[in-house]
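[1] Got a predicted structure plus its sequence, pasted below:
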Amino acid sequence: MGLSLDHVTKRFGAHSAVDAVSLSAAGGIVGLLGPNGAGKSTLLRMAATVLAPDSGSLSILGRDPADHRQLVEIRRRLGYLPQNPGLYGGFTPFDFVDYVAVLKEHTDAARRRVEVRRVLEAVGLEDVMHRRIRRLSGGMRQRVALAAALVGRPELLVLDEPANGLDPDQRLRLRSLLADTPTVLLSTHNISEVSALCRQVAVMLEGRIVFTGTPAELADLAAGRVWEDERQDPQALRSWLTSAGSYRHLGEPPSGATVVEPTLDDGYLLLARREHG
């Protein structure tokens, strides 16, 4: 069932943060790429039922969030991690996640405590679960919020920049955690995370979805349009110095150029440049 958005629009004053977006996520991990201000967080907030669209329709886990009774059922089955989680500094991780579990109607206290411990251990916070949140590092706080999103083994996870503040080992742990959820929609600035995690990727620019497909299909947009040279080419659309000391270029290769295999970054950068004219 997953998530389906049909011509969803959200405006703030005269600005359309999300402009007639249609998108489906029905199994596996779907990555949402785009620059700051593209509308990703607004889209995810609607997918998480925090915001209602101004027009268009949503189907979440086969239910209509516009119907209050169905909305309650959706929220029981959904996990959400916002970009800036609102944590209570005076709570411990255990207290906070337990509070979220109560909100999700886990009424059996003994079973709820078992579930709270399970998700805190899953994100590696078993040693600090009774320490005040205000005393935790930024990465630990991010994991508290992630644990709260995982309560109850949700059928749909909506995650806004979930890897923020996580070290490489914790990012690997995150990948394992997400693999156990039927459907995940996540936004990220980290293109390598999309390559490693996602079966589908959507690119959002200026409130619109301008690409959907596999990571390989996004990379293929730049096929034949990436070349490397010892010198920077001023005619390239984009160029940058690589760790090997050569310049990587994006655009129309000159005659005799050494064309190389495109990466996901190349496809994304070319798409963004094309959409901006």
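    Right, received. Where do you want to start?
[2] which helices and strands does the lowest-mean-pLDDT helix or strand in the chain pack with?
    Lowest on mean pLDDT, DSSP states H and E among the helices and strands of the chain sits helix 191-197, with a mean of 84. Helix 191-197 sits against strand 28-33, helix 168-178, helix 264-275, with contacts defined as 3 or more C-beta pairs under 8 Å, 6 or more residues apart in numbering; DSSP states H and E. Where you see a C-beta, it was placed from the backbone N, CA and C, and this is true even at glycine.
[3] Now tabulate these in TSV and tack on distance to F211 and mean neighbour count.
    What follows is the helices and strands packed on helix 191-197, written out as TSV (distance: least, C-beta to C-beta, whole Å; neighbours: other C-beta atoms under 10 Å):
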stretch	distance to F211	mean neighbour count
strand 28-33	9	24
helix 168-178	22	14
helix 264-275	6	19
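[4] how about the ones you listed in JSON lines, adding distance to G56?
    Below are the helices and strands packed on helix 191-197 laid out as JSON lines (distance: least, C-beta to C-beta, whole Å):
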{"stretch": "strand 28-33", "distance to G56": "17"}
{"stretch": "helix 168-178", "distance to G56": "27"}
{"stretch": "helix 264-275", "distance to G56": "21"}
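[5] Which residues are in contact with Y80?
    Counting by C-beta atoms under 8 Å, 6 or more residues apart in numbering, Y80 makes contact with 48, 50, 149, 157-159.
[6] A38 now?
    A38 makes contact with 204-207 under the criterion C-beta under 8 Å, 6+ apart.
[7] circling back to that earlier point, which parts of the least confident helix or strand of the chain are buried?
    191, 193-195, 197 (16 or more other C-beta atoms under 10 Å).
[8] Distance of the residue lying closest to I60 once chain neighbours are set aside relative to L186?
    Counting by C-beta to C-beta, 6 or more residues apart in numbering, I60 lies nearest to I74, which is 4.9 Å off, once chain neighbours are set aside. Separation of I74 from L186 (C-beta to C-beta, to the nearest Å) stands at 18 Å.
[9] Look at the two and report which has more neighbours.
    L186 (25 against 22; other C-beta atoms under 10 Å).
[10] thinking again about what came up before, right, and the helix or strand after the least confident helix or strand of the chain?
    The first helix or strand that comes after helix 191-197 along the chain, using DSSP states H and E, is strand 200-205.
[11] who does that next one touch, helix- and strand-wise?
    strand 15-25, strand 28-33, strand 208-213, helix 215-220, helix 264-275.
[12] I'd like to know which of these lies nearest to E105.
    The minimum distance between E105 and the helices and strands packed on strand 200-205 falls on strand 15-25, with 24.6 Å, by C-beta to C-beta.
[13] Pairing partners for that closest one, with directions?
    strand 3-12 (antiparallel) (DSSP bridges).
[14] so the partner strand versus strand 28-33, what angle?
    20 degrees (axes from the mean of the first three to the mean of the last three C-alpha atoms, to 10 degrees).
[15] quick check: angle from strand 3-12 to strand 208-213?
    160 degrees.
[16] quick one: low-confidence ranges for the stretch 151-277 of the chain?
    275-277 (pLDDT under 70).
[17] Between all of the contacts of Y80, which two are separated the most?
    V50 and L157 (14.3 Å).
[18] Nearest to I133, out of the buried residues of helix 191-197: which one, please.
    Nearest to I133 among the buried residues of helix 191-197, with distances taken as C-beta to C-beta, is E193, at 25.4 Å.
[19] Show the contacting residues for the closest one.
    31, 163, 171.
[20] and R69, which of the helices and strands packed on helix 191-197 is closest to it?
    Per C-beta to C-beta, nearest to R69 of these: strand 28-33, 27.2 Å.
[21] Check the model's average confidence along whichever helix or strand comes after that closest one for me.
    Note on strand 28-33: by DSSP H and E, the next helix or strand toward the C-terminus is helix 40-47. For helix 40-47, mean pLDDT rounds to 96.
[22] Name the residues of the helix or strand just after helix 40-47 that are buried.
    As assigned by DSSP H and E, the chain's next helix or strand after helix 40-47 is strand 55-60. Going by neighbour count (16+ other C-beta under 10 Å), the buried part of strand 55-60 is 56, 58-60.
[23] Present those as CSV; the columns should include pLDDT and distance to L78.
    Converted to CSV, the buried residues of strand 55-60 look like this (pLDDT from 0 to 100; distance: C-beta to C-beta, whole Å):
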residue, pLDDT, distance to L78
G56, 96, 19
L58, 95, 12
S59, 96, 13
I60, 96, 7
